[in-house]
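# Model the structure of this input:
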Amino acid sequence: VLSFIIFICYIASLAASFMMAPLLEFLLALFLFFAYASKLNEKFKGAHWPLADFLRCVTGAIIYFAISIAAVSKYSDGASKAAGVFGFAATIVFAIDFYITFNDLVTFLKQGSSDSPEGRKAEDEDSDSDSD
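Okay, the predicted model is just below:
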């Protein structure tokens, strides 16, 4: 929602050249939201969904911070200033989401490492094969 508000502010401002970043971030967030809501992450196990969300948060925070500084310092109209202020708020929101997603990513990677060769080695020791 915040990305969409920033997109609208950039359309109404003199800094319309910055409107593409919030639009892409909004569409990517919308895609990931619907992917999680429709449980695509459970259907397509090959994709690393927490990593995709983590990268979205990191790039969103960096891009919003950069374009917010440019919008506030370079343009003097009210819509550009509002987009810059909302952009700084989005930077904080993405940083918080970055922290939460990082913790989810760590647990996701730890779950993936439980299928490591040590787990398979214990299963091999319990098997009744006559290959010895």
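# which residue is nearest the middle of the protein?
The chain has residue 56 as the residue nearest its centroid, 2.7 Å off, counting by CA atoms, centre = their mean.
# Can you name the residues that contact that one?
Applying CB atoms under 8 Å, 6 or more residues apart in numbering, we find residue 56 in contact with 25, 28-29, 32. Yep, even glycine has a C-beta here, placed from its N, CA and C like the rest.
# give me that answer again for 6 Å
residue 28 (CB atoms under 6 Å, 6 or more residues apart in numbering).
# which SSE is it in?
Using DSSP states H and E, the secondary-structure element containing residue 56 is helix 49-74.
# Just give me how far the helix or strand following that helix sits from the chain centre.
Sequence-wise, the next helix or strand downstream of helix 49-74 (DSSP H and E) is helix 78-113. Its chain's C-alpha centre and that of helix 78-113 lie 7 Å apart, by CA atoms, centre = their mean, to the nearest Å.
# ok, now stretch 20-31?
In terms of CA atoms, centre = their mean, the centre of stretch 20-31 is found 10 Å from the chain centre.
# And the contacts of it?
3-4, 6-7, 56, 60, 63, 67.
# switch the cut-off to 10 Å
With contacts defined as CB atoms under 10 Å, 6 or more residues apart in numbering, stretch 20-31 is touched by 1-11, 40, 52-53, 55-57, 59-60, 63-64, 66-67, 83, 86-87, 90, 94, 97.
# Give me the buried subset of the residues you listed.
Buried by 16 or more other CB atoms under 10 Å: 2-3, 5-10, 52-53, 56-57, 60, 63-64, 67, 83, 86-87, 90, 94, 97, out of the contacts of stretch 20-31.
# For residue 4, list the residues it contacts.
22-23, 25-27, 29-30.
# Closest to residue 107 out of those residues?
residue 29 (21.5 Å; CB to CB).
# Does that closest one lie in a helix or a strand, and which?
Per DSSP H and E, residue 29 falls inside helix 20-37.
# Would you mind listing the buried residues in that helix?
Neighbour-count burial for helix 20-37 [16+ other CB under 10 Å]: 21-23, 25-26, 28-29, 32, 35.
# can you list these in JSON lines and add distance to residue 79 and pLDDT?
Shown next, in JSON lines, are these (distance: CB to CB, whole Å; pLDDT from 0 to 100):
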{"residue": "21", "distance to residue 79": "16", "pLDDT": "88"}
{"residue": "22", "distance to residue 79": "13", "pLDDT": "89"}
{"residue": "23", "distance to residue 79": "16", "pLDDT": "90"}
{"residue": "25", "distance to residue 79": "18", "pLDDT": "89"}
{"residue": "26", "distance to residue 79": "17", "pLDDT": "89"}
{"residue": "28", "distance to residue 79": "24", "pLDDT": "89"}
{"residue": "29", "distance to residue 79": "22", "pLDDT": "86"}
{"residue": "32", "distance to residue 79": "28", "pLDDT": "83"}
{"residue": "35", "distance to residue 79": "32", "pLDDT": "83"}
